[in-house]
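Peer 1: need the 3D shape of this:
(chains A, B, C and D)
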Protein chains: 2
Amino acid sequence: MHGSLRFSGFPAKKEPAIRTTIKDIAKKTGLSITTVSLVLNRKGGKFPAETKRAVLEAVDALNYRPNQLAISLLTRRTHTIGLIIPDISNIFFSELAKGIADRGRQDDYTVILCNSNDEYPLEQQCINTLADRSVDGIIMVMSAESFGSKNKECVSVLLSLGFPVILVDCFNDSDDFSTITIDNKQGSCLAVQHLLDLGHSRIGCISGPQRIKTNRDRLEGYTKTLKQANRSPEPALIYEGDFRYHGGYEGALHLLKQKPTAIFCHNDMMAIGAAKAVKEKGFSVPEDISIIGFDDIFFTQYMDVPLSTVAQPVYHMGQEAAAVLLEEIADGNKPKRRIMYPPRLIIRQSTAPPPSSRGPSVRLYL
Amino acid sequence: MHGSLRFSGFPAKKEPAIRTTIKDIAKKTGLSITTVSLVLNRKGGKFPAETKRAVLEAVDALNYRPNQLAISLLTRRTHTIGLIIPDISNIFFSELAKGIADRGRQDDYTVILCNSNDEYPLEQQCINTLADRSVDGIIMVMSAESFGSKNKECVSVLLSLGFPVILVDCFNDSDDFSTITIDNKQGSCLAVQHLLDLGHSRIGCISGPQRIKTNRDRLEGYTKTLKQANRSPEPALIYEGDFRYHGGYEGALHLLKQKPTAIFCHNDMMAIGAAKAVKEKGFSVPEDISIIGFDDIFFTQYMDVPLSTVAQPVYHMGQEAAAVLLEEIADGNKPKRRIMYPPRLIIRQSTAPPPSSRGPSVRLYL
DNA sequence: CTGTTAGCGCGTTCAA
DNA sequence: TTGAACGCGCTAACAG
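Peer 2: Below is the predicted model:
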């Protein structure tokens, strides 16, 4: 059951470009390999200036660059971090990847990209591939299954790896790995409170799939905030969407029957779909109905009615994930951390006071 | 001048997890290492069924997975492809990356992601990093400088690498590398012809930076198509934008003075900016002014007025890039190819006949 | 201060 | 069939 394990690969072709090795520069300088290695690695202290110069000169002349493969085999460090995400073409993940890559580069770390396609088997394959290549650590956004039904299984695989793993965005609380996310509950509070402050009382909600913890947190933030304002959340005002355009569209059609004055969507894609449905039904945003999203995907600012939303500092989260991973790589005993970023409310033009709080046909804002 | 060359890295810590090696399974089975290697690699023909079984059993029991580092050092193949792109958070590139990763995986290839940030020095650093890690090949979207002022320099570096390089999207024609792109000229033809067919005669154009060949091609397609229709392109109807929202916005404001009935933007981001400007000036899309873009970034279909545009099969281009690279890795003498994908016109709702061809205040389409 | 030796994990002759 | 020896490129003990 070891799948398509590649044992040797090619029949040892040796044709590929023969780069200059340390041996070449030893030969050229007439010194021993060790000497060359020593001066290059600044070990062993004082070599005659002449020797150093000769080595450096040869290195330059022959354009020598050490073979990292050999170094890795020896030092057991590849300076590589594995990144497993469900879908690189999703702006959220690509932004995350960018933060990771940028931070990694600062420490000469490189990232191997693995798309899990949000499929558990594929994800496991990714883990194996990365382990086989001896990455120094993994940053992972779990697939739905991995923090769902297969969570135990997945965690035990991750633990057996023997190198640090950082979980981002989606996971179940655990002390086995450091985790990075935003405070989803608080994000919802921000959004709902904003709506409340504007004077809304019938606030609909289009949530994401509730099997996912992140989404449960967001929903909890919604209900909690309403309760704190002495309003009891009505089940009829809550619709469980699919996190995609279509779900938002359908959700809005559904909620419209309940005459809400505002709709809080648990991600931006659904907010866009909801806005479309609302407009198609003859209402205008935000005059008749306010809409607020979550995530602040880059596009929302360019919509005809730029979307109010809750922003996650994704790029920074990527940088932080890499930073934490590097620390744990450097010190295997570093205690695991649970890092939560504060979300940020971004008020644009899709939210405004409800119609009732304004005179008929009078717009409060111009 | 070899920058921050990492020679050895860490002081050879050996703490990281000791995975089970071929030696372990040899010990466990009581066989020799060679025997184990042989049966695992299906070499050497007929071993007693018993021997085979024992080996496979031990492999499973000890969860043995060969160390790819060691194999790579030996076979001079890392099964790794390096990807250099200006910005992974750009949907175009992330989609490309996905195609590459997916296709690569089919052949057990992994991809190392490098963001060049569109900066030449960084890009060169990426090339070095990848070469140091002995990638089997590189797929690259050149930075502006690399196919501009530094083209000669960059090409010579790439050629000296000794492994295949595939250029995607941006490059200057060259027989040294296989290249993959769409037919940009034809893409423009499609767009302009569509506008012409609708009855437009004053067609404005917001181009991208003309130092980039891709953009020059798109502009050429525009002028060529107009000429073929016996219309002489007016310089006043052409605006050089920056490929971003802002450029489209400014460009539209500028072109509006020329009373165009349609605007062809050389990418979607600018089209979105242009649409915004047009609306702000009191015109409606497409009733007063038609707008068409280029690229079909995923978002355009969700705009209030879904954008007509020219689509590039980016994902497929990524897959193809990987496929071509794999072929050239397998056979170093494979002749270089120049692959051009046909663009595809996507008609949505931002294009319609010009006002003049309809009765006053009468909308042709509902 | 320098060179020799060993070995990282593995695949491959070549004898036995 | 199998085991010993060698080497991929490099670093680290240990002598000299």
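Peer 1: show me what residue of the stretch 151-300 of chain A gets nearest to DNA strand D.
Peer 2: Closest residue of the stretch 151-300 of chain A to DNA strand D, C-beta to the nearest atom of the strand: residue A:163 (19.6 Å). For every residue, glycine as well, the C-beta is placed using N, CA and C.
Peer 1: ok, how many other residues are close to that residue?
Peer 2: Per other C-beta atoms under 10 Å in any protein chain shown, the neighbour tally for residue A:163 reads 20.
Peer 1: for the closest residue to it other than its chain neighbours, what are its contacts?
Peer 2: Nearest residue to residue A:163 in three dimensions, chain neighbours excluded: residue A:137, at 5.2 Å (C-beta to C-beta, 6 or more residues apart in numbering or on different chains). Residues counted as contacts of residue A:137 (C-beta atoms under 8 Å, 6 or more residues apart in numbering or on different chains) are A:81, A:82, A:163, A:164, A:165, A:166, A:325, A:326, A:328, A:329.
Peer 1: so the first one touches residue A:107, yeah?
Peer 2: No: Residue A:81 sits out of contact with residue A:107 when judged by C-beta atoms under 8 Å, with a separation of 9.7 Å.
Peer 1: and the residue of the stretch 151-300 of chain A closest to DNA strand D, backbone torsions?
Peer 2: Reported as degrees, to the nearest 10, the phi and psi values for residue A:163 are phi -140, psi 160.
Peer 1: same question, residue A:136
Peer 2: phi -80, psi -20.
Peer 1: tell me who's in contact with it.
Peer 2: Per C-beta under 8 Å, 6+ apart, neighbours of residue A:136: A:77, A:78, A:79, A:80, A:81, A:109, A:163, A:329, B:16.
Peer 1: do the same with residue A:347
Peer 2: So residue A:347 contacts A:194, A:308 (C-beta under 8 Å, 6+ apart).
Peer 1: how far away is it from residue B:176?
Peer 2: Plainly put, residue A:347 is 53 Å away from residue B:176 if you go by C-beta to C-beta, to the nearest Å.
Peer 1: nearest spatial neighbour of the residue nearest the centre of chain A, chain-adjacent residues omitted?
Peer 2: When C-alpha atoms, centre = their mean is applied to chain A, the residue found nearest the centroid is residue A:96 (4.2 Å). Spatial nearest neighbour of residue A:96, excluding adjacent residues (C-beta to C-beta, 6+ apart): residue A:318 at 4.2 Å.
Peer 1: picking up where we left off before, hmm, residue A:130 and the residue of the stretch 151-300 of chain A closest to DNA strand D touching each other?
Peer 2: No: using C-beta under 8 Å, residue A:163 makes no contact with residue A:130, being 9.4 Å away.
Peer 1: overlap of the contact sets of those two?
Peer 2: Shared contacts of residue A:163 and residue A:130 (C-beta under 8 Å, 6+ apart): residue A:138.
Peer 1: helix or strand next in line after the helix or strand that contains residue A:227, which one?
Peer 2: If you go by DSSP states H and E, residue A:227 is part of helix A:213-228. Downstream of helix A:213-228, the next assigned helix or strand under DSSP H and E is strand A:238-240.
Peer 1: direction included, what does that following strand pair against?
Peer 2: strand A:203-207 (parallel) (DSSP bridges).
Peer 1: next, the angle from the partner strand to helix A:213-228.
Peer 2: Angle, strand A:203-207 to helix A:213-228, by axes from the mean of the first three to the mean of the last three C-alpha atoms, to 10 degrees: 170 degrees.
Peer 1: can you list contacts of strand A:203-207?
Peer 2: The contact list for strand A:203-207, computed with C-beta under 8 Å, 6+ apart, reads A:192, A:195-196, A:215, A:218-219, A:222, A:226, A:233, A:237-241, A:247-248, A:251-252, A:255, A:258, A:260-266, A:270, A:274.
Peer 1: recalculate using a threshold of 6 Å.
Peer 2: Strand A:203-207 has contacts (C-beta atoms under 6 Å, 6 or more residues apart in numbering or on different chains) with A:195, A:215, A:219, A:222, A:237-241, A:248, A:251, A:255, A:260, A:262-266, A:270.
Peer 1: list buried residues within the residues you listed.
Peer 2: Neighbour-count burial within the contacts of strand A:203-207 applies to A:195, A:215, A:219, A:222, A:237-239, A:241, A:248, A:251, A:255, A:260, A:262-266, A:270; the criterion is 16 or more other C-beta atoms under 10 Å in any protein chain shown.
Peer 1: if we can go back for a sec, my read is that the residue nearest to residue A:96 contacts residue A:92, right?
Peer 2: No: Residue A:318 lies out of contact with residue A:92 (C-beta atoms under 6 Å); the separation is 10.2 Å.
Peer 1: quick one: which of those two has more around it?
Peer 2: The neighbour comparison of residue A:318 against residue A:92 (other C-beta under 10 Å) goes to residue A:318, with 27 against 22.
Peer 1: tell me the contacts of the more buried one?
Peer 2: Residue A:318 neighbours (C-beta under 6 Å, 6+ apart): A:96, A:99, A:100.
Peer 1: phi, psi of the first one?
Peer 2: Listed backbone geometry of residue A:96 is phi -60, psi -50, with angles given as degrees, to the nearest 10.
Peer 1: quick one on the thing from earlier: what's the average pLDDT for the helix or strand encompassing the residue nearest to residue A:96?
Peer 2: Using DSSP H and E, residue A:318 sits within helix A:314-330. The average pLDDT within helix A:314-330 is 96.
Peer 1: which parts of it are buried?
Peer 2: Quick answer for helix A:314-330 (16+ other C-beta under 10 Å): A:314-315, A:317-326, A:328-329.
Peer 1: and for stretch A:240-253?
Peer 2: A:241, A:242, A:243, A:245, A:247, A:248, A:249, A:250, A:251, A:252, A:253.
Peer 1: okay, and which of those residues map to helices?
Peer 2: Those of the buried residues of stretch A:240-253 mapping onto helices are A:245, A:247, A:248, A:249, A:250, A:251, A:252, A:253, per DSSP state H.
Peer 1: from those residues, which one has the minimum pLDDT?
Peer 2: Within those, pLDDT reaches its minimum at residue A:245, with 93.
Peer 1: what's the nearest residue to that one if we skip its chain neighbours?
Peer 2: Distances taken as C-beta to C-beta, 6+ apart put residue A:273 closest to residue A:245, at 4.1 Å, once the chain neighbours are dropped.
Peer 1: quick one: that neighbour from residue A:261, how far?
Peer 2: According to C-beta to C-beta, residue A:273 stands 19 Å off from residue A:261.
Peer 1: those two: which has the busier surroundings?
Peer 2: More crowded of residue A:273 and residue A:261, by other C-beta under 10 Å: residue A:273, with 25 against 22.
Peer 1: in what helix or strand does the more buried one lie?
Peer 2: Per DSSP H and E, the secondary structure element for residue A:273 is helix A:268-280.
Peer 1: just the mean pLDDT for that helix, thanks.
Peer 2: Here helix A:268-280 scores 95 as its mean pLDDT.
Peer 1: so what does that helix touch, helix or strand wise?
Peer 2: Packing contacts for helix A:268-280, counted by 3 or more C-beta pairs under 6 Å, 6 or more residues apart in numbering or on different chains; DSSP states H and E, involve helix A:245-256, strand A:262-265, strand A:290-292.
Peer 1: check whether the shortest one comes near chain B.
Peer 2: Read it as strand A:290-292. No: for strand A:290-292, no contact with chain B is found by C-beta under 6 Å from any C-beta of the partner chain; the gap never falls below 13.1 Å.
Peer 1: what mean pLDDT does that strand have?
Peer 2: For strand A:290-292, the per-residue pLDDT averages 98.
Peer 1: what's in contact with that strand?
Peer 2: With C-beta under 6 Å, 6+ apart as the test, strand A:290-292 has contacts from A:191, A:262, A:263, A:264, A:271, A:274, A:275, A:285, A:308, A:350, A:351, A:352.
Peer 1: out of those residues, which comes closest to residue A:339?
Peer 2: Nearest to residue A:339 among the contacts of strand A:290-292, counting by C-beta to C-beta, is residue A:191 at 21.9 Å.
Peer 1: helix, strand or coil for the closest one?
Peer 2: For residue A:191, the assignment made with DSSP: H, G, I helix; E, B strand; the rest coil gives helix.
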